[in-house]
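>>> Predicted model, plus sequence, below.
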Amino acid sequence: NYVMLEYNQPMHAFDYRNVKDKKIIVRQAKAGETIITLDGIERKLDDTMMVIADCEKPMAVAGVMGGEFSGIADDTTTIVFESACFNGINVRKTAKAIGLRTESSARFEKGLDPNNTLPAITRALELVELLDAGDIVSGLIDAKGDIKTMPTIPLEPERVNRFLGTDISTDEMVIILRKIEFTVDDKLNVTPPTFRADIEGFADVAEEIARFHGYDVIPNTIMSGVATARLTERQRFERELVNVCVESGLYEINPFSFMSAKELDNICVPQNSPLRRCVTISNPFGEDTSLMRSTAIPSMLTVLARNYNSRVPSAAMFEVATEFIPHASTNELPDENKKLIIGSYAKLDFYDIKGIIEAIAARFNIKELSFRAVSDNPTFHSGRTAEIFAGDTRLGILGELSPKAASNYGLKERTYIADLGVNELYSVCGATKRYKQLPKFPATTRDIALVCDDATESAYIEAKIRKACGGVLERLSVFDVYKGDKMEAGKKSIAYSLILRDKDKTLTDEEADAAIKRSLNALSEDGITLRS
């Protein structure tokens, strides 16, 4: 043990009388072979492990620990010293397999210098004589393996100084390397000592010179020529998308991307839906995390339900989520679709979230945004859901959660969900906004209340008004929807506010009234009339 600490070379001593036929054999263990180690525990070996044995049985697990019956006893008179360099990887695997990590295995597994075995055993014999502990009665048996050769590395002083930012002379470099037992010949070829297995190339030699020259005396220099990393257009888009949501008062969540098949049942996904085809995890945490999510809506609802059950009175959240869509071939990686999921209960209603989506469209200059009523999605309320379009591109869906799905999550408040494709949003982004000069001429306002069928969508009416008014219409918004006793059955009233402005001159009342008249004439073709 003393020599191990002094030379970093583990050794073992065998009681010579216990060595059968006086032969020591280094071999692979046999499958099912056992040995009782010095700690008194029986260890089961396999044929990947190396042992030191006699003609009958193992006497030590190579590089780990000796056997109980080969160790030194009080009445031992003759001992055999063994000093070896075993394969570090094999020693580490053996120690782990038999559950025994020792001072010896800790050293072998890091890699030792094979040239150190002879000096170590010589030192042990020297100590025996110095302490008058015994007499050396026989010579040395040396079973050499492959001779370890170290790489020869050219020393390039100019390159070292350029690499380190120093001005060290060639002579000083040579002195430093020789002090730490590196060999440097007349042609400045450097050979590291065999105990420095970490030295492999120029950079390692330069590091040794820097260490012994002193890091503290290396002059400070400003880095130059470093390329500045930049975000891609897509990365900037996603960051700005998050900013819009945060500015709108939403809290960002980041749940796991796992789910279970039960969660698809909870949101009423039909059995024949493509969402039922999920990526299965081979080693899941549990049944609840056995699938990669094909839709991020359950993740949002789980977080909302957790807040609701914790008596949080209201919540409004969003997630830029990843959904995993498998291919028909199991050898291909699944598609990873980015989605923007917005969810809220008792805080935002349909129109609030619609406003957030319109804010996103305004931020990214998305044109022709429209909302079209749908009633065939079982996750959502049949009468309070709309698909979101930009022109002919479907962006996603917005609606109130169906009563059944809300009940499955224990949500007793009205819950609203928006599910938008990030890829789709990015594809319809408009050109960079160009700011215009503030208007020089005043605007005029007109309010109109229209009577139409219940089934008529406001988006349709707005499109007709915009077309009829032309370039003088600056802004159009709904400020009231009425259904009641004063309306005919099957009818409703929608009130609009129009802001009109001519950018080249002051818009007169006659011109504003003419624009309104054109709008009413266009709407009358569909039976939409001015409310009296």
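Noted; the coordinates are in hand.
>>> all contacts plus neighbour counts: C-alpha atoms, from now on.
Noted.
>>> Shouldn't Asp216 be within a helix?
Yes. Membership of Asp216 in a helix is supported by DSSP: H, G, I helix; E, B strand; the rest coil.
>>> What is the burial count for it?
Applying other CA atoms under 10 Å, we find 9 residues neighbouring Asp216.
>>> And it, how far from Thr166?
Counting by CA to CA, to the nearest Å, the gap from Asp216 to Thr166 is 11 Å.
>>> What is whatever helix or strand Lys464 lives in packed up against?
In the assignment (DSSP states H and E), Lys464 maps to helix 458-469. Counting contacts by 3 or more CA pairs under 8 Å, 6 or more residues apart in numbering; DSSP states H and E, helix 458-469 packs against strand 369-373, helix 509-524.
>>> residues in contact with the longest one?
Translated: helix 509-524. By CA atoms under 8 Å, 6 or more residues apart in numbering, the residues outside helix 509-524 that reach it are Thr444, Ile461, Lys464, Ile465, Ala468, Cys469, Leu500, Ile528, Thr529, Leu530.
>>> Do I have it right that Ser70 meets Asp15?
Yes. Under the criterion of CA atoms under 8 Å, Ser70 makes contact with Asp15 at 5.5 Å.
>>> Just want to know which of the two has more residues nearby.
In this view Ser70 and Asp15 are compared by other CA under 10 Å, and Ser70 has more residues nearby, 22 against 18.
>>> Quick one: residues contacting the more buried one.
Contacts for Ser70 were tallied using CA under 8 Å, 6+ apart; they are Phe14, Asp15, Asn18, Val19, Met59, Ala60.
>>> quick one: the helix or strand containing the fifth one to chain centroid distance?
Think Met59. Assigned by DSSP H and E, Met59 belongs to strand 58-61. Centroid separation between strand 58-61 and its chain, computed with CA atoms, centre = their mean, to the nearest Å, is 46 Å.
>>> mean confidence score for that strand?
For strand 58-61, mean pLDDT rounds to 93.
>>> Pairing partners for the helix or strand following it, with directions?
Once the chain leaves strand 58-61, the next helix or strand it forms, by DSSP H and E, is strand 65-66. Strand pairing for strand 65-66, determined by DSSP bridges: strand 58-61 (antiparallel).
>>> What residues sit buried inside the partner strand?
Pro58, Met59, Ala60, Val61 (16 or more other CA atoms under 10 Å).
>>> likewise stretch 165-180?
Result for stretch 165-180 [16+ other CA under 10 Å]: buried residues Thr166, Ile168, Met173, Val174, Ile176, Leu177.
>>> and the closest residue in space to the first one that isn't next to it in sequence, how far is that from Phe163?
What it means is Thr166. Setting aside the residues directly before and after it, Thr166 is nearest to Ile218 in space (CA to CA, 6 or more residues apart in numbering), at 6.0 Å. Counting by CA to CA, the gap from Ile218 to Phe163 is 12 Å.
>>> Just say helix, strand or coil for the closest residue to Ser248 other than its chain neighbours.
Leaving aside its sequence neighbours, Ser248 sits nearest to Ile356 (CA to CA, 6+ apart; 6.5 Å). Using three-state DSSP, the three-state assignment for Ile356 comes out as helix.
>>> Quick one, grab the pLDDT at Ile356.
Value listed for Ile356 in the pLDDT field: 97.
>>> related to what we said a few turns ago, how about the buried residues of stretch 165-180 in a markdown table, adding pLDDT and distance to Ala361?
Converted to a markdown table, the buried residues of stretch 165-180 look like this (pLDDT from 0 to 100; distance: CA to CA, whole Å):
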| residue | pLDDT | distance to Ala361 |
| --- | --- | --- |
| Thr166 | 91 | 56 |
| Ile168 | 93 | 62 |
| Met173 | 95 | 65 |
| Val174 | 95 | 68 |
| Ile176 | 95 | 67 |
| Leu177 | 95 | 66 |
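>>> what's the closest of the residues you listed to Asn90?
Minimum distance to Asn90 across these is 32.8 Å, recorded for Leu177 (CA to CA).
>>> the domain parsing of the chain - what is it?
Domains of the chain are assigned by the TED database as 1-131, 153-213, 233-428, 444-530.
>>> Now find how far off-centre the shortest one is within its chain.
To tie it back to what came earlier, the one meant is domain 153-213. Distance, stretch centre to chain centre, for domain 153-213: 40 Å (CA atoms, centre = their mean).
>>> Assumed Phe389 was part of a strand.
Yes. According to three-state DSSP, Phe389 belongs to a strand.
>>> which residue sits closest to Pro192, ignoring its sequence neighbours?
Nearest to Pro192 is Phe182, by CA to CA, 6+ apart, at 4.6 Å.
>>> The one you found against Thr194, yeah?
No. Contact criterion CA under 8 Å: Phe182 and Thr194 do not qualify, at 9.5 Å.
>>> Where does the prediction get shaky in the stretch 101-250 of the chain?
The stretch 101-250 of the chain contains residues with pLDDT under 70 at 145-147, 225-227.
>>> Swap in 80 and give it another go.
Scanning the stretch 101-250 of the chain for pLDDT under 80 picks out 138-139, 143-148, 221-228.
>>> Show me where it has its helices.
Ranges of helices in the stretch 101-250 of the chain, per DSSP state H, counting those that start in this stretch, are 103-108, 117-130, 157-164, 170-179, 202-213, 233-247.
>>> what's the fifth one packed up against?
This means helix 202-213. helix 157-164, helix 170-179.
>>> For those, give me CSV that also has distance to Val478.
Formatted as CSV, the helices and strands packed on helix 202-213 follow (distance: least, CA to CA, whole Å):
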stretch, distance to Val478
helix 157-164, 69
helix 170-179, 82
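>>> hey, C-alpha coordinates of the helix holding Lys464 in CSV?
Extracted in CSV, the C-alpha atoms of helix 458-469 (Å, rounded to 0.1, in the frame of the first residue of the first chain):
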residue,chain,number,x,y,z
SER,A,458,-69.5,39.3,-39.7
ALA,A,459,-66.4,38.6,-41.8
TYR,A,460,-68.6,38.4,-44.9
ILE,A,461,-70.3,41.7,-44.1
GLU,A,462,-66.9,43.4,-43.4
ALA,A,463,-65.5,42.2,-46.7
LYS,A,464,-68.5,43.7,-48.6
ILE,A,465,-68.1,47.1,-46.7
ARG,A,466,-64.3,47.3,-47.3
LYS,A,467,-64.8,46.6,-51.0
ALA,A,468,-67.6,49.2,-51.3
CYS,A,469,-65.8,52.0,-49.4
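>>> now that helix, how far from the centre of its chain.
Taking mean C-alpha positions (CA atoms, centre = their mean), helix 458-469 and its chain are 47 Å apart.
>>> Count the neighbours of Phe182 for me.
Using other CA under 10 Å, Phe182 has 18 other residues around it.
>>> Repeat that for Ser138.
Taking other CA under 10 Å as the criterion, the count of residues near Ser138 is 7.
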